[in-house]
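Asks: okay, predicted coordinates and the sequence, questions at the end:
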Amino acid sequence: MIVEGTGPAVILCSGLGGRALDWDDAVSHIAGRTVIRFDRPGLDGRPDAAELPTIAGEARRIADVLTSLAVAKADVVGHSMGGFYAEGFARLYPDRCGRILLLDSSVPDQRPFLPRRWRLAVAASAARAGAYLGAVVREYVAYPELCDEMRQLRERTPLTVPTTVAMADTGRRSWFGRRWMRLQRDLARELDADFTVISPSRHRVMIDQPDAVATLITG
């Protein structure tokens, strides 16, 4: 865990395979905030339990990190798959969340591509090759269940905090780019969120456009 700065707290949630250090450049542009970032189990290279992640579990992890630091309330930034966890935290712990920023967030549009038992076997094999790889594969194979969990959470739990959806755009015209724009705009409409585009940027927007990300966090 890395904690820097002073002021109102913001906690940064990385995407699939992301590390706390990925935010270094963005954090260097942030002033007047206490910035908290951490690696989920296994992503720091240390062995961890083999359970597949859940949104409820990761939302609870965010809450536990804040509790360990005696922070009552924080804004939450979620990148890619971390957007699921940030939104989950906002829905499940609304009294502890100021606002959320979803950076090129995942959207719940994927169905299982293999039976669950096969995916678990793949994850177990990856874990034997190393803690980091095992953690990445576990999140990847859990993605369809995370999508289902997010759909269910949206149906039964309101989102009551201010929300911004920020999409990364390379600036190049492509079928994928048009589709991603539509999905991100749809996400913003579904969440009644503000919508903005950060361009030019690839998916790891905190690395490609750290100053723009910092402005959204502090704004």
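Replies: Noted; the coordinates are in hand.

Asks: now the longest helix along the chain, how far from the chain's geometric center?
Replies: Criterion DSSP state H: the longest helix present in the chain is helix 131-156. Relative to its parent chain, helix 131-156 has a centroid offset of 11 Å by Cα atoms, centre = their mean, to the nearest Å.

Asks: immediately after it, which helix or strand?
Replies: strand 163-168 (DSSP states H and E).

Asks: list the buried residues of the helix or strand just after that following strand.
Replies: Using DSSP H and E, the helix or strand that follows strand 163-168 in sequence is helix 175-190. Within helix 175-190, the residues that count as buried by 16 or more other Cβ atoms under 10 Å are 180, 184, 187-188. Any C-beta I mention is one placed from the backbone N, CA and C, and that applies to glycine too.

Asks: show me the contact partners of the next helix or strand after helix 175-190.
Replies: Beyond helix 175-190 in the direction of the C-terminus, DSSP H and E gives the next helix or strand as strand 194-198. The contact list for strand 194-198, computed with Cβ atoms under 8 Å, 6 or more residues apart in numbering, reads 162-169, 181, 184-185, 188, 205, 209, 212-213, 216.

Asks: coming back round to it: by how many degrees do the longest helix of the chain and helix 175-190 diverge?
Replies: 50 degrees (axes from the mean of the first three to the mean of the last three Cα atoms, to 10 degrees).

Asks: for the residue nearest the centre of the chain, phi and psi?
Replies: Note on the chain: the residue nearest the mean C-alpha position is Gly82, at 1.2 Å, using Cα atoms, centre = their mean. Main-chain torsions, Gly82, degrees, to the nearest 10: phi -60, psi -20.
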